[in-house]
Each structure stands twice: as C-alpha cells, then as structure tokens.
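1. generate a structure from the sequence data that follows.
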Amino acid sequence: MGSLLNPYISFAGDARQALEFYQAVFGGELSLNTFGQFGQTGDGADQIMHGQLSTPSGYTLMASDTPPGMPYNPGDNITVSLSGDDDAELRGYWEKLSDGGTVTVPLEKQMWGAVFGACKDKFGINWMVNIGG
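-> Presented below is the predicted three-dimensional model:
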C-alpha cells in the first residue's frame, strides 16, 4: 500500500450512527472499534475509538467519538490523516508538518501496534500520521 490522505472527523458520541449513515450514502466496507475493545471500561467504553469506511469509489473516511474528558469543538473536529507503510516517507511528512507547529501526540509506537503522532501545523490545521499497524 502507498500512503493515504483522508479526512478524520470527531463526533460527540454519535460516530457509529454517522459512519453508518455515510456507508448508506457511499456504500463500502465499514469497520468499527470501540474504546472498550482497547481496555476502557465504564462511560464511553461502547463509543467508537476508530471507525473507517472504505468505499468502492476509493474514498476513505475515518472517524471517532471524542474521548471522555477531551473537549469537543464543532468546527474544529476535522483532522487530515496520513497513513501507510512507508516509514521514511511518512516520517518526512511528519517532520515538515510539525515544524513550527504544535505536537499534541509525539510520533511513537502505540497500543494498536502502529507508530502514530498528531500535531497542529503552523497554520492551525490538525494532522495525524499513522505508520504501519
């Protein structure tokens, strides 16, 4: 696989319903993982930690519910996601995107097995980079 560039939308507890709606609109295969599948218990365990819709037209839409304790700000809830297997390529993008910006999650190995980082670039755009996994 090469690299993918796609939107990543955050929701306030209704990511499952939104992604099921988008699947009805665009068709395709929908995968959903809850916070509970990754060890969270109690409030929010059944909410979506990561959802992905891959359509027959080649579109990829990713989404999640905003984790408990994190602010949900409508209008500031779309992030651009870069993902793939080319470590050198994606690390290069990460270095350039985060330069002069703010790193919100350092680029490092995560519990789901991938190397992941998040930043806000110097223009205020939110980015996520996910390598492998």
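2. from residue 69, how far out is the residue of the chain positioned farthest from its centre?
-> Distance from the C-alpha centroid of the chain peaks at residue 42, with 22.5 Å (CA atoms, centre = their mean). Here the criterion is CB to CB, to the nearest Å. By it, residue 42 lies 12 Å from residue 69. C-beta: built from backbone N, CA, C; applies to glycine.
3. please apply the same query to residue 100.
-> Counting by CB to CB, the separation of residue 100 from residue 69 is 28 Å.
4. could you do residue 97 as well?
-> Between residue 97 and residue 69 the distance, using CB to CB, works out to 26 Å.
5. now swap in residue 30 and tell me
-> Taken as CB to CB, the span from residue 30 to residue 69 is 27 Å.
6. out of these two, which sits in the more crowded spot?
-> Under the criterion of other CB atoms under 10 Å, the comparison of residue 30 against residue 69 puts residue 30 first, with 18 against 7.
7. isn't the more buried one up against residue 48?
-> No - Residue 30 is not in contact with residue 48 according to CB atoms under 8 Å; the separation is 10.7 Å.
8. could you name every residue contacting both of these two?
-> Shared contacts of residue 30 and residue 48, defined by CB atoms under 8 Å, 6 or more residues apart in numbering, are found at residue 19.
9. what's the burial count for residue 99?
-> With neighbours defined by other CB under 10 Å, the count for residue 99 comes to 10.
10. ok, it - contacts?
-> Contacts were defined as CB under 8 Å, 6+ apart; by that measure residue 99 touches residue 122.
11. mind running it again at 10 Å?
-> 119, 121, 122 (CB atoms under 10 Å, 6 or more residues apart in numbering).
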